[in-house]
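In: Need the 3D shape of this:
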Amino acid sequence: MSGRTPGPRTFAPNSPARLARLGASRVGIELVGFFRSTDQVFFTFLLPVLFVVVFSTVFSGDLPGPPGRGTVPFAQYFVPGMIAAGVMSAGFAGLAIGIAIEQHDGLLRRLSATPLPRTAYFIGKVGLAITTAVLMVAIILAIGMTFYGVSPPRDAGRWAVFAAVLFLGVGSCSLLGIAYTRLIRSSTAAPAVVQPPYLVLQFISGVFIQYSSVPGWLQAVASVFPLKWMAQGFRYVFLPEWVAAVDYGGSWEIERVLAVLAAWFVGAGLLARLAFRWDRSRG
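Out: Predicted coordinates:
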């Protein structure tokens, strides 16, 4: 009886329909894994809420407007910035740390032996980040509207900008987080490598302090990264027009906000494709 020697393992071609199907499946798997970890869920959503409450309590004054234009309470001013920080937390920080742990613990090495394409894996991670970001934004907005006088967008145009900034922001931050894993050399080092740049960007991008108070050279640094543009876009959506004159040199520059975020979305996607490795367990 003659035996047949197995040939090399082959995978089905990665058609768009197959990628979409596998990506949707990965989104479901990622969400189930995330929500099963109750501690992770609790602290993921708790931190932005604490920041909103603490900064709204500490900075209890008003942002003065031009003569005759009234004021904006600092609590209202900081809520859009905290929304932007929450989006970056869900995308960049959350994915960079989580994926680095999976890489260095060997989970992704085992996953790479399956027919799962890299793009489908990315779709799963970005889908998780989008879901987390949307929930986080909803919680922050509910607190802002209930306790701090934040009003919803005034018209359909601002709702459209809100959706575009949210989608481009979480997408670019997620892909940047995937690319950033290349700099993380062990799972235990992941938080220490990820958190410092994330925290620094929050200070210089107008999240924790008024943007016009940031020195010019630090504003130039902040303008290179997505967080500053997300905060600016969300402030356009939720704050009066005159705030741009006080804090952003006279204009919200919404077209530029969307262009920069779109460029980051494309650029971060290319970086993620180049930098991502299934296995980092050997360094």
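In: helices and strands around the helix or strand of the chain with the lowest mean pLDDT, which ones?
Out: The helix or strand of the chain with the lowest confidence, counting by mean pLDDT, DSSP states H and E, is strand 62-64 at a mean of 77. Packing partners of strand 62-64 (3 or more CB pairs under 8 Å, 6 or more residues apart in numbering; DSSP states H and E): strand 71-73, helix 74-88, helix 242-247. From N, CA and C alone the C-beta is placed, and that goes for glycine too.
In: any residues touching it, and which ones?
Out: The contact list for strand 62-64 (CB atoms under 8 Å, 6 or more residues apart in numbering) reads 71, 72, 73, 74, 77, 210, 243, 246, 247.
In: number of nearby residues for the residue nearest to the fifth one when sequence neighbours are not counted?
Out: The spatially closest residue to residue 77, leaving aside those adjacent along the chain, is residue 63, at 5.2 Å (CB to CB, 6 or more residues apart in numbering). Around residue 63 sit 21 other residues, with neighbours defined as other CB atoms under 10 Å.
In: and residue 63, how far is that from residue 107?
Out: For residue 63, the distance to residue 107 (CB to CB, to the nearest Å) stands at 47 Å.
In: if we can go back for a sec, could you identify the buried members of the contacts of strand 62-64?
Out: Among the contacts of strand 62-64, those that count as buried by neighbour count (16 or more other CB atoms under 10 Å) are 72, 73, 74, 77, 243, 246, 247.
In: In CSV: these, plus pLDDT.
Out: CSV is the format used below for the buried ones among the contacts of strand 62-64 (pLDDT from 0 to 100):
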residue, pLDDT
72, 83
73, 84
74, 83
77, 86
243, 86
246, 79
247, 81
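In: Redo the residues you listed as a markdown table? Include distance to residue 91.
Out: Shown next, in a markdown table, are the buried ones among the contacts of strand 62-64 (distance: CB to CB, whole Å):
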| residue | distance to residue 91 |
| --- | --- |
| 72 | 28 |
| 73 | 28 |
| 74 | 26 |
| 77 | 23 |
| 243 | 25 |
| 246 | 29 |
| 247 | 25 |
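In: Tell me the one of the residues you listed nearest residue 202?
Out: The closest of the buried ones among the contacts of strand 62-64 to residue 202 turns out to be residue 77 (CB to CB; 14.6 Å).
In: So which bits of stretch 98-115 are buried?
Out: Buried-residue list, stretch 98-115, by 16+ other CB under 10 Å: 98, 99, 100, 101, 102, 103, 104, 108, 109.
In: now do the same end-to-end measure for it.
Out: 22 Å (CA to CA, to the nearest Å).
In: what is the rounded mean pLDDT of it?
Out: Computed over stretch 98-115, the mean pLDDT rounds to 84.
In: Let me have the contacts of strand 62-64 in JSON lines, adding distance to residue 135 as columns.
Out: Shown next, in JSON lines, are the contacts of strand 62-64 (distance: CB to CB, whole Å):
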{"residue": "71", "distance to residue 135": "31"}
{"residue": "72", "distance to residue 135": "26"}
{"residue": "73", "distance to residue 135": "25"}
{"residue": "74", "distance to residue 135": "25"}
{"residue": "77", "distance to residue 135": "23"}
{"residue": "210", "distance to residue 135": "28"}
{"residue": "243", "distance to residue 135": "27"}
{"residue": "246", "distance to residue 135": "32"}
{"residue": "247", "distance to residue 135": "28"}
